[in-house]
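>>> fold the following.
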Amino acid sequence: MMLLKSKIIGKGPIPLIILHGFLGMSDNWKSYGKKMSSFGFQIHLLDQRNHGESFHSNDFNYTFLAQDLYNYIDHYKIYNFSIIGHSMGGKTAMMFSSLYPTAINKLIIVDVLPISYKSNFQNILDSLKSIDLNTIKSRKDANIILEKTITESSIRGFLLKNLYRNNKNKLAFKFNLNVLHSKFYEVEKAIDLLIPFNGKSLFVKGEKSNYILESEIEKTKMFFPNLKLITIPNSGHWVHYENPEIFFEETMNFLKS
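The predicted structure follows:
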């Protein structure tokens, strides 16, 4: 059995698992995790399969991602924990909550619903594929190539965090680009929820993001009857990054309530 890699911060009595989004990694949540750890939480920042330091696999869909999470909590004997999941990580968390509804204390879903989405992943992945890792010498070189197709510097920065030197001193991506390129449609799919999660759930919408549609909230409540929806001002899809103070305050209040 392959176990997900994680960074564990703090020794508090309350376990909190954090799941990053597509093409992200645990490091994206490090500053939030450090801050939370000083309030009695033990933070588990996970790298999902084919991301960060975790294992690579040709199998990639939400059932596998949820099973990976189960294997992780089972291995570390983590009970009565809460989860924060952003985007793809939010869908993993929702899938997990439907498969193991009694395992979770509270659920925080960041800027995503269990519905299908049309994304621009294809373009992003095509752009990443266009980088010849054998000829570029630095992150700066890669950035110049991405500039042609990805105009937002914040998105380029987010993607290029994944570039590192491997043990052969060659530049490589941490994520499994080939598999994610061929299976990104799995991330866009709606998830089949079977059992409602009756615990408390907080859905966090970025004010400028169109991922959480008011029209879909009522349907979502069928599976999350104790759903509370909040909107974080001055933030898009990367809510925790774009308005960290308010995001921290709201999520902390919810987890401590």
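>>> show me the contacts for the nearest residue to residue 138 once chain neighbours are set aside.
Distances taken as CB to CB, 6 or more residues apart in numbering place residue 171 nearest to residue 138, at 7.8 Å, with adjacent residues excluded. No exception for glycine: its C-beta is placed from N, CA and C like everyone else's. By CB atoms under 8 Å, 6 or more residues apart in numbering, the residues touching residue 171 are 133, 136, 137, 138, 142, 163, 164, 165.
>>> widest-spaced pair of the residues you listed?
Pairwise distances across the contacts of residue 171 (CB to CB) peak at 13.9 Å, for the pair 137 and 164.
>>> how is the protein carved up into domains?
Per the record, the chain has its domains at 6-118+190-256, 121-183, by automatic domain parsing.
>>> in CSV, list those domains along with mean pLDDT.
Formatted as CSV, the domains of the chain follow (pLDDT from 0 to 100):
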stretch, mean pLDDT
domain 6-118+190-256, 97
domain 121-183, 95
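>>> looking at these, which is buried most?
domain 6-118+190-256 (a mean of 19; mean count of other CB atoms under 10 Å).
>>> now do the same end-to-end measure for that domain.
This stretch, domain 6-118+190-256, spans 24 Å end to end (CA to CA, to the nearest Å).
>>> and it, how far out from the chain middle?
Centroid displacement of domain 6-118+190-256 relative to its chain, using CA atoms, centre = their mean, to the nearest Å, is 7 Å.
>>> about what we covered before: now, the contacts of residue 171 that are in strands?
Among those, DSSP state E puts 163, 164, 165 in strands.
>>> and those, which is closest to residue 54?
residue 164 (14.1 Å).
>>> mind listing what the closest one touches?
171, 172, 173, 174.
>>> now the last one, what are its backbone angles?
Residue 174 has phi and psi values of phi -70, psi -40 when expressed as degrees, to the nearest 10.
>>> so what's it closest to, chain neighbours aside?
Nearest non-adjacent residue to residue 174 (CB to CB, 6+ apart): residue 162, at 4.5 Å.
>>> surely the one you found and residue 175 touch.
Yes - if you go by CB atoms under 8 Å, residue 162 and residue 175 touch, sitting 5.4 Å apart.
>>> that older thread, pipe the contacts of residue 164 into a markdown table and attach distance to residue 71 and secondary structure per row.
What follows is those, written out as a markdown table (distance: CB to CB, whole Å; DSSP: H, G, I helix; E, B strand; the rest coil):
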| residue | distance to residue 71 | secondary structure |
| --- | --- | --- |
| 171 | 31 | strand |
| 172 | 26 | strand |
| 173 | 24 | strand |
| 174 | 21 | coil |
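>>> closest to residue 242 out of these?
residue 174 (23.1 Å).
>>> wait, that closest one touches residue 51, no?
Yes - if you go by CB under 8 Å, residue 174 and residue 51 touch, sitting 7.1 Å apart.
>>> spit out the contact partners of residue 183.
Contacts of residue 183 (CB under 8 Å, 6+ apart): 60, 61.
>>> for it, phi and psi?
According to degrees, to the nearest 10, residue 183 has phi -130, psi 20.
>>> residue contacts, residue 43?
8, 9, 10, 16, 18, 33, 34, 36, 37.
>>> in strands only, show me these.
Using DSSP E, 8, 9, 16, 18 are the members of the contacts of residue 43 that sit in strands.
>>> pipe these into a markdown table and attach distance to residue 181 per row.
Shown next, in a markdown table, are those (distance: CB to CB, whole Å):
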| residue | distance to residue 181 |
| --- | --- |
| 8 | 31 |
| 9 | 32 |
| 16 | 32 |
| 18 | 25 |
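>>> no more questions from me, cheers.
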